[in-house]
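**Q** Sequence and predicted structure, then a few things I'm wondering about:
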Amino acid sequence: MTSDFADLGLRPELLTALAGLGYEESTPIQARAIPVLVAGSDLLGQAATGTGKTAAFALPILQTLDPQRADRLPAALVLVPTRELALQVAEAFHSYGRALGVRTVAVYGGTPARHQIDALRRGVDVVVATPGRALDLANRGVLRLGSISTAVLDEADEMLEMGFIEDIEALLALTPADRQTVLFSATMPKRIDVLANRHLRDPERITVKARKLSASEVPRVRQVAFIVTRPNKPTAIGRILDAEDPVAAIVFCRTRGGVDDLTDLLTARGYQAEALHGGLTQDQRDRVMGRLRSGATELLIATDVAARGLDVDLLTHVINYDLPMTPEAYVHRVGRVGRAGREGVALSLVEPREKRMLDAIEKLTGGQVAVEPILTLTDVRRMRLDRTRRALEELMSDPDAQSRMNTYRDAVVDLLDTHDAVEVALAAFTLAHEADQGTMVDDDDRDLSAPSHASTRSGSAAPKGKGGAREESTGPKKRRERPSGPMTRIYVSLGRKAGVTPADIVGAFTGEAGLKGGEIGTISVHEKFTMAEVPADRARKVVKALQGVKIKGRKTLVRLDRDE
């Protein structure tokens, strides 16, 4: 059972938000749950991860919420088992309710509570929380639950498995007795029934099983997952890209900020990476896609919304830097490759706490995603050398290439008169390898793979009296602000082969052309040239100032990009 969201009677602001996110029709759990919850009934739902249950309870809460209410106390409380899920659900509320001005805060342990306390004191509409931290703030009088009209227990079976039952009971006892209560669980063990009978009033019962795709719907690509902690992701993706050597790839991130951060990181490491997200104008998107289709860009870093509907023949890889929020979105991403009989590869960086989502993906697709260790630097170097050796062997065995090689025979014979044959071959191999494979960014050769069974769940039950669980503290990274206003791309005639890095370009532009670092946009260092964005109204002055300037000791041609 599915329907158009408009058929569910949702307010126009929500319909506009859903359309902007690319949602066209509701999932079965949404179609059945939303009318029940909007009517004010309690709900007991059995639904697996990836069936769309977040929207099933978030949209009814937003539908009935008065954003102009004077009350500064939260009207809805959503309890979830992990920090990651708390952030995802809070982000969903923000995305759906942005036009309504809905105030949402995620509350979880493992990080200083000061910012969460400040947000609660300023006033919020929806609190999404792990039970341990929520109870701690409630006991301290900061999280006041006397105005809660809807309480949601999401992934209830997992919260009970993690020992949160007493915290949940204590929190519900602080909410009004006449509240609406919603409980979602992937399984329905006896303890869930006991909890539901104690806190739900004559609930509507809904069961929705995750849909299994038919064989024709499952993308025919090699699918691999790497279990890695979040701090190791930047290093891990560098090794994966060096090992896989994609012709062209889409790398998916969950947010615009994540896209910008990863684009900056990969560009700094010498990859031809460009960002694609909803913050770009249509003209900018068209130019990015044109460069990808022409082969001028090898990596497209994108959000799901920006990449919707893309079909690029050159694509060989899809990489999930962040797993999507639903298995269906994973299938949509993977479907960007492997079309029309083409081979493709789908690689995913999976955090240990996301193992449940990986299980849901396998259940939907009816197959297994192979879990492999991340290659060591030694492995990556060996694979890169093998590629160069194979390329040379193919060249030597290609009859059509003999005439091309004969052009250089006299030069090679002259070298052999004065140098050892092995030394000549080594020099030629080095030039061929670095021209084709580029230079590799070294890091420490540590094992980046995290145990697939590891549980770093942020909402893990804390010892009594501690008011929260032990969690990984991954504070927000400071991200370089992108310049505002129209930008123009400038061509610089040196690239990776000359040892040029983005830092060299920034140094030249700031030192010779008088730009500030914050005025310089995306810098894409290619093998033999570099593209850099500067403010459009200063582009010609920058080109003039850089004429004859040396970068890395070499004279450089600088001009406006011909596409501009």
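**A** Everything's here; your move. Residues are numbered from 1 along each chain as shown.
**Q** domains in the protein, as residue ranges please.
**A** Using automatic domain parsing, the domain parsing of the chain gives 5-208, 222-374, 381-437, 487-560.
**Q** The helix or strand hosting Arg404 - what's its average pLDDT?
**A** Per DSSP states H and E, Arg404 falls inside helix 402-406. In this model, helix 402-406 has a mean pLDDT of 83.
**Q** contacts for it?
**A** With contact meaning Cβ atoms under 8 Å, 6 or more residues apart in numbering, helix 402-406 is reached by Leu395, Met396. For glycine as for every other residue, the C-beta is placed from the backbone atoms N, C-alpha and C.
**Q** buried sites along the next helix-or-strand element following that helix?
**A** Of the helices and strands lying after helix 402-406 in sequence (DSSP H and E), the nearest is helix 409-418. Within helix 409-418, the residues that count as buried by 16 or more other Cβ atoms under 10 Å are Leu415.
**Q** got it, and stretch 271-286?
**A** Tyr271, Gln272, Ala273, Glu274, Ala275, Leu276, His277, Leu280.
**Q** now stretch 62-71
**A** Applying 16+ other Cβ under 10 Å to stretch 62-71 flags Leu62, Gln63, Thr64, Leu65 as buried.
**Q** Also stretch 235-253?
**A** By neighbour count with 16+ other Cβ under 10 Å, stretch 235-253 contains the buried residues 235-246, 248-253.
**Q** check contacts around the nearest residue to Asp379 once chain neighbours are set aside.
**A** Leaving aside its sequence neighbours, Asp379 sits nearest to Ala243 (Cβ to Cβ, 6 or more residues apart in numbering; 7.1 Å). Ala243 makes contact with Leu375, Asp379, Val380, Met383, Arg384, according to Cβ under 8 Å, 6+ apart.
**Q** wait, doesn't the third one sit right on Arg239?
**A** Read it as Val380. Yes. Counting by Cβ atoms under 8 Å, Val380 touches Arg239, with 5.4 Å between them.
**Q** returning to that earlier point: mind checking which of the contacts of Ala243 are in helices?
**A** Among the contacts of Ala243, DSSP state H puts Asp379, Val380, Met383, Arg384 in helices.
**Q** okay, which residue of the protein is out on the far edge from center?
**A** If you look at how far each residue of the chain sits from its centre, by Cα atoms, centre = their mean, the farthest one is Asp417, at 56.0 Å.
**Q** Need the pLDDT of that residue.
**A** Model confidence at Asp417 (pLDDT) stands at 85.
**Q** same check, this time on the one 4 residues further on
**A** The pLDDT attached to Ala421 in the predicted structure is 86.
**Q** For it, grab the count of nearby residues.
**A** Per other Cβ atoms under 10 Å, the neighbour tally for Ala421 reads 10.
**Q** give me phi/psi at it?
**A** Phi and psi for Ala421, reported as degrees, to the nearest 10, are phi -60, psi -40.
**Q** Report the separation between it and Ala428.
**A** Shown here: Ala421 relative to Ala428, a distance of 11 Å by Cβ to Cβ, to the nearest Å.
**Q** likewise Leu18?
**A** Leu18 is 59 Å from Ala428, by Cβ to Cβ.
**Q** Which of these two has more residues huddled nearby?
**A** A direct count of neighbours by other Cβ under 10 Å for Leu18 and Ala428 places Leu18 higher, at 20 against 14.
**Q** Can you tell me the element the more buried one falls in?
**A** Per DSSP H and E: helix 12-20 holds Leu18.
**Q** helices or strands next to that helix in the packing?
**A** helix 53-64, helix 83-97 (3 or more Cβ pairs under 8 Å, 6 or more residues apart in numbering; DSSP states H and E).
**Q** what about those helices, which gets the closest to Ser149?
**A** Among the helices and strands packed on helix 12-20, the nearest to Ser149 by Cβ to Cβ is helix 53-64 (7.9 Å).
**Q** how far does that closest one sit from the chain's center?
**A** When distances are taken as Cα atoms, centre = their mean, to the nearest Å, helix 53-64 is centred 24 Å away from the chain's centroid.
**Q** for the next helix or strand after that helix, what is the average pLDDT?
**A** Per DSSP H and E, the first helix or strand lying C-terminal to helix 53-64 is strand 76-79. For strand 76-79, the mean per-residue pLDDT is 97.
**Q** Are there helices or strands packed against strand 76-79, and which ones?
**A** Taking 3+ Cβ pairs under 8 Å, 6+ apart as the contact cut, strand 76-79 packs with strand 126-129, helix 131-139, strand 150-153, helix 165-173.
**Q** switch to 6 Å and redo it
**A** Using 3 or more Cβ pairs under 6 Å, 6 or more residues apart in numbering; DSSP states H and E, the elements in contact with strand 76-79 are strand 126-129, strand 150-153.
**Q** The residue lying closest to Val412 once chain neighbours are set aside: neighbour count?
**A** Leaving aside its sequence neighbours, Val412 sits nearest to Val424 (Cβ to Cβ, 6+ apart; 7.0 Å). By the criterion of other Cβ under 10 Å, Val424 has 14 neighbours.
**Q** hang on, Val424 packs against Leu415?
**A** Yes. The pair Val424 / Leu415 is scored as a contact, 5.0 Å apart, by Cβ atoms under 6 Å.
**Q** Between the two ends of stretch 102-111, what distance do you get?
**A** Start to finish, the residues bounding stretch 102-111 are 24 Å apart (Cα to Cα, to the nearest Å).
**Q** rewinding a little: now the buried residues of stretch 62-71 in a markdown table, with distance to Arg353?
**A** Below are the buried residues of stretch 62-71 laid out as a markdown table (distance: Cβ to Cβ, whole Å):
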| residue | distance to Arg353 |
| --- | --- |
| Leu62 | 27 |
| Gln63 | 30 |
| Thr64 | 32 |
| Leu65 | 29 |
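**Q** Just want the most central residue of the protein.
**A** Cys253 (2.0 Å).
**Q** Would you mind measuring from that residue to Gly518?
**A** 23 Å.
**Q** cool, Asp157 as well?
**A** For Asp157, the distance to Gly518 - Cβ to Cβ - is 49 Å.
**Q** Stretch 279-298: how far from the chain's middle?
**A** With Cα atoms, centre = their mean, you get 19 Å for stretch 279-298.
**Q** Would you mind checking the average pLDDT for it?
**A** 81.
**Q** if we look at that stretch, which residues are touching it?
**A** The contact list for stretch 279-298, computed with Cβ atoms under 6 Å, 6 or more residues apart in numbering, reads Ala248, Arg256, Gln272, Glu274, Leu276, Leu300, Val312.
**Q** close enough to count as contact, the first one and Leu315?
**A** Yes. Judged on Cβ under 6 Å, Ala248 makes contact with Leu315 at a distance of 5.2 Å.
**Q** most packed of the helices and strands packed on strand 76-79?
**A** Each of those was scored by mean neighbour count; the highest is strand 126-129, a mean of 28, by mean count of other Cβ atoms under 10 Å.
**Q** and the buried residues of stretch 62-71 as CSV, adding distance to Leu8 and pLDDT?
**A** CSV is the format used below for those (distance: Cβ to Cβ, whole Å; pLDDT from 0 to 100):
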residue, distance to Leu8, pLDDT
Leu62, 12, 96
Gln63, 9, 95
Thr64, 13, 91
Leu65, 16, 89
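**Q** so where is the stretch 201-350 of the chain shaky, pLDDT-wise?
**A** 209-220, 282, 305-311, 338-343 (pLDDT under 70).
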